[in-house]
Each structure stands twice: as C-alpha cells, then as structure tokens.
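Peer 1: can't give you the sequence, but here's the structure:
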DNA sequence: CCTTGTTGACGTAACGTTAATTCAAAATAG
DNA sequence: CTATTTTGAATTAACGTTACGTCAACAAGG
C-alpha cells in the first residue's frame, strides 16, 4: 500500500507537505497548486492513511472500549447506539466487550491493559466484574467511566430509584394496595426497590420485602410464583428487570392468572419487544440512549482533563409507557 | 508509562534483550539470570507492551472487524459469541460494527479502510450494505469473508434451504396440508422458501406464494393477517424470521386465533425468548455459534494465505426444537 | 538599498517496537 | 596452546506518521 512517502515522491514534494495536506496542518503551508498536486497523487496511488502509525505518533487511538455486563440484553441496544453515535462524533470507534468474558487474563482484558489500545473505557458491569479485573483496570493509565453507581471512579447512571417510584406510584394510583416488587439483585435493583418503598410509604401502604430472584425471564417466573404464595395475594407487581416481565407473563399464563384482570404488571426498562407481547407490557422507559451519549461526553471530558459531569441523569426522567398489562383495581380484595 | 527502553535501563541490558523477553524470541538469547532480572524490572515499572507500536512494526493488529446487519437481532447473539471466542483463540479482538450505520463516509467505514486497523473483516449485511460501501470495502487490502451467500467473495453460511425444509416437513408430518410461508425478503429468505417448496412438493402439496413481509415483529403480524385473507385459511405457518414469530403470536391473539389449536406455528432460527413465550414457539435452531467460529477460522485461513473452507455449513444441521406452538391437525378442514 | 516579514516548502527527530546484524567473551575441539 | 564454535548480548535500521526547526526566495517598508 502507498504511504505518504510514495505520495511525496509522486507529487515531487517532501513528506512534510503530504502530511500537512492529509491533516490540514497550518504550520506547514503550501501553494494551492501544490496541494491539488498532492491530492491527485494520493488519489492515483489510492493512498490510505495508516491509522497505526498515526496512533503511535499521536499517542491516541481514536478508539474507546465499552464493557457491558450482558451484551445480549436488549435494554443495552439504545445504550450502544448512543455510545456509537457520540463516539463517531468524536471521531472514535468503539471496541465492545462483555463482562462475562472479561476474566482475569482474558484476551480482551490483556488487550485493554496494553498501552495504546484505547483512549478511554466505559464500563457497565452491574457488579459482575470481579475485584481482580477491576484492580487491573484501575491500573490502566487511560480514563475509566462507570455507567452505573460507583464509589471510587467517575460514574454516571440513569435514575433507577425514580423508575421504581414511578412504576409503583402508577399502580398505587390505579388503587392497588397489595403491590410486590420482584426480581433483580445488587445495588441497582436496591435503588429501584428504594423507589418502590418510597412510593408505598407515601401512599401509606406497607412495602413487601424485595423478592430478589435475579435477572432474565426465569427470574420473573420464579418471582411471580413466590409472590403468589403470600397469605394475601398481590394484585399488582413491579418487575425489576424488563426481560423478567416475559417470564411473569408466562408464569401467569401457566398458573391461570389473567393479566391485567387479576394481576397488573409494570416493568422497569423498556424494549421494543414489550409492545408485541400479549398483553403488551406497561413499562418505565429509561433514557439509555442518552446515558450512552452522556457517558461518551463525560469520558471525553476526562480524556481532555476537563471536569466531567457525573452522577444520576435526571433529565430526561424515566418515562412511563402505558400499555395493557396494568389496569385499575375495581374488585374488592383482601 | 514505562517502555522497553525504561525496562532495559533499569535491568542494565539492551533493548533487544527486553524485546526478546517479552516475545520469547529465540534469536536473541540470554542467561536465565538476565531474563529474571528483566522480568523483575518489568514488574517493578509496571511495564505494559504498547500494542500500537507492535502493530506498526509487525503490520498486524490482532484485531478483526465484524459487520452485522442489525446488531440488535438476538439471533446474532450466538454468532457473536462464536466469533469472539474463536478470535480470542487467535489472540485477536473483535471490532463490532452495524451495517445500518455503515454509510459511505461513516466513521466506522473510514476507520476500516485506513491501513493498519484490522487484519480482516467478517460481514453479514443481508443485502443491506449498499454498493458504494461494498466497493470501498473491496478495495481493502486485507481479507474479507462474507457470512452469507456471496458471488464475488469467499463466503460461508448456515443451511437456510434445509431449515425451511425441516420446518415445513415437520408440519407436513403433523398432517397439515395448507401451510403458508411468511416473512422476510432477499436471497436468504428465498433459500428458506425454496426449502419450503421442496418439502411441499415432496408431500404432493401446492406451495403457497411467499408472503415476503420483511423482518421483525410487525412483519410477522402483517404476514399472518395477509395469510388469513386467503380463500382457504392455512392451518399452519412457517415464519421466516424468528422475531416475526412474536408478531404472529400477537396478531393471532388479536384475531382470536388459538395457537396451536387453530394454527400451528414454526419459526426459523431460535432464540432463548421463544421458550418463554406462551405458547412456547417451536423453532428450527441454526448453528450460528458454529458459523461464527467457522467464519473466524476461514478468515484466518485467508489471512495466512491458506486455502479456506467455504460454502454452506451442513454439519451440524439445523435442528428442530419442538415446543408448543405446533400440533397435529385433527379436525377436518376445507 | 538594506531590513524585516511572509510565503512555501524541506529535513529530521521522535513515537515504541521487532529483528537482522554484529561482536566480545567463554567454551570446546584439535 | 591455538582455532573454531557457541553463548550472551549490544547496535541499529526500519514500520508510517507528525510537528518542530530551518531556510531560501520574494515582497514590502523605511
């Protein structure tokens, strides 16, 4: 492949001029005619800049890494889009990794830790990155931004507490009194449960204990079964993780519980799929796309050494998307 | 950050020795005591090799790109895992891009086209990459492997025709006679339709025309509605794209069609979600994980200049996963 | 006419690595 | 005891860029 040297030779100019043409540097100036001559030579030779050499010289790769807990989780779709878009605006490409495969000594981690691979790192590990890995990452000289609550790193996240509150208050307003909170585990789920508690307290209702059955479809099914064993069955359920809502629907069907007539369901997080389920699932949509964009911006603040905005994103707020899985309580219960 | 030069100074040896220790090169030899001295110095200084400098020197980045049509499609989950794993075994990292954002002049494409970014490229664009982009990619000096049927490039793919045949034959064996084929568009869908036709012909049944309503949930709903307008309503339906099965289920519910009692449904491709829907969806699982692994192997054959295995993957075969959305036809119809 | 400033370039030293070449000292062979 | 080989390392030239420093030629100002 043609290099700047080849172009220089073909155009009868020095290397410096070619480089200046490529980058539009102001230091090295040239006649317009020279510039077009160089441009033509580049065209003819099919010159493509060598990104690696550029990175070495500039000590900057125009690449950032994003590490997600479970890449496949559809709630990360908009997050990823936000990150990719914002990164592109900064002229950067995104290297995507999965926390699950980021064991100590893994290929991806080694790559990240070696110098000159990425300009910065975005992490959403939901507590799944073990301490060894985090310690290794901490030794990384490039900035790291955590896309969830963190104690010892710059971080930014959506408002999970508020989401729990919004979901619960909606059910309260539909006259439900026995509302349970199901699924999840870890800090993030606790925040949502906190929001649930707040909304229950505000309505003078007694919060039920958190049925922390974990993540995914099965967790939802398990949660519903557990909830239904209570002395007084709930009339409504807040599902911590949206994919668990699928499991809740399935378990309800299996148990002969009609949704929403016998049980109202609200999920936290929203994905396209929810509008295509029957009943379509009412959910609290989190600004994940914005989180992605804000994350990249904050990361680039860190990279540039600027002070970086962090903490909980309160604008936009989590947004309730009303569909068919929750309805007002009309029958008298308990 | 510490470089090899710093390590060399600290250990009182030359650069060459440090490099040899890092790579385990046999050319430059050294005493065991020297080796440990260097290793200690590396440890003390926290030396991490500079990947960029290495890439520049070796003209090899240990990074491959994978371009997918719609990253978010859950059927790509296993494909991605296969690719990531196999790449890791080759000591490589994967740069993931979406065909949708790969317009001509896009950040990601520019990055790919510049020299020294990746060692090779894997593409599954499902016809969505426009000709400009493909032409630009073709000019790329590094090998490209297409993960679907291609005319002018090395390619490899799963057996879509066979999948259509398997799905259809299963329904035929359940005594269905009016079977429609719904959803999709493009070469890949045609292959599956071809398999459908084959199975229908083999059973002496008349294939219905391909209702090519496209991809995704909505496409399934549209397809079912269209299919139901026929003079004699079908008793079974082969859904080209698995996510469309969600839409089929929803539309059936909306139209008051009971699945599987009034209509049997079989989807092509399988994702975890299907077992959590009600009814759980019977589907033909494609060896996407293996496709990912095989794709990486074939790509590395190309990179190494070896002859590369290509074409349709027939082992393992698409596998029928029987769940609850299809049942034997017992009532007399038409 | 000399001074100063501007234009349009060129040369070159890095960036951190790898691998070819070279070479002194030690070991071995004759 | 000398000739030859082996061991253990050092020097150095790239890889393709970018940016600093330099400098001739020419124009403008006094």
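Peer 2: Sure thing, it's come through. This is a predicted model, so every value here is computed, not measured.
Peer 1: For DNA strand D, see how far away the closest residue to residue A:37 other than its chain neighbours is.
Peer 2: Leaving aside its sequence neighbours, residue A:37 sits nearest to residue A:11 (C-beta to C-beta, 6 or more residues apart in numbering or on different chains; 4.9 Å). Where C-beta positions appear, they are placed from N, C-alpha and C, glycine not excepted. Note on residue A:11: its distance to DNA strand D, by C-beta to the nearest atom of the strand, to the nearest Å, is 13 Å.
Peer 1: and the gap between residue A:11 and residue A:57?
Peer 2: 21 Å (C-beta to C-beta, to the nearest Å).
Peer 1: These two: which is more packed in?
Peer 2: Using other C-beta atoms under 10 Å in any protein chain shown as the criterion, residue A:11 and residue A:57 rank with residue A:11 on top: 22 against 12.
Peer 1: I'd assumed residue A:44 was in contact with the residue nearest to residue A:37.
Peer 2: No: taking contacts as C-beta atoms under 8 Å, residue A:11 lies outside contact range of residue A:44: 9.5 Å.
Peer 1: Does residue A:94 touch residue A:83 like I think?
Peer 2: Yes: applying C-beta under 8 Å as the test, residue A:94 and residue A:83 come out as touching, 5.9 Å apart.
Peer 1: Tell me the gap between the helix or strand harbouring residue A:296 and the middle of its chain.
Peer 2: For residue A:296, the host element (DSSP states H and E) is helix A:288-304. Distance of helix A:288-304 from the chain centroid (C-alpha atoms, centre = their mean, to the nearest Å) equals 11 Å.
Peer 1: Residues contacting the very next helix or strand once past that helix, please?
Peer 2: With elements assigned by DSSP H and E, the helix or strand that comes after helix A:288-304 is strand A:311-313. For strand A:311-313, the external contacting residues (C-beta atoms under 8 Å, 6 or more residues apart in numbering or on different chains) are A:155, A:156, A:157, A:158, A:159, A:287, A:290, A:291, A:294.
Peer 1: Which of those has the largest number of neighbours?
Peer 2: The residue in the contacts of strand A:311-313 with the most neighbours, by other C-beta under 10 Å, is residue A:158 (25 neighbours).
Peer 1: Identify the residue nearest it in space, chain neighbours excluded?
Peer 2: residue A:286 is the one closest to residue A:158 (C-beta to C-beta, 6+ apart), at 4.6 Å.
Peer 1: Name the residues contacting each of residue A:94 and residue A:83.
Peer 2: With contacts taken as C-beta under 8 Å, 6+ apart, the residues that reach both residue A:94 and residue A:83 are residue A:66.
Peer 1: Comparing these two, which residue is more hemmed in?
Peer 2: In this view residue A:94 and residue A:83 are compared by other C-beta under 10 Å, and residue A:83 has more residues nearby, 28 against 25.
Peer 1: thinking again about what came up before, show me what contacts the residue nearest to residue A:37?
Peer 2: Residue A:11 neighbours (C-beta under 8 Å, 6+ apart): A:17, A:18, A:34, A:37, A:38, A:40, A:41.
Peer 1: Helix, strand or coil: sort out the third one for me.
Peer 2: If I follow you right, that is residue A:34. helix (DSSP: H, G, I helix; E, B strand; the rest coil).
Peer 1: show me what contacts it?
Peer 2: Going by C-beta under 8 Å, 6+ apart, the list of residues near residue A:34 reads A:11, A:13, A:17.
Peer 1: so what's the closest residue to DNA strand C within the stretch 101-250 of chain A bridging to?
Peer 2: The stretch 101-250 of chain A approaches DNA strand C most closely through residue A:115 (6.4 Å), counting by C-beta to the nearest atom of the strand. Assessed by DSSP bridges, residue A:115 has beta-bridge partners residue B:50.
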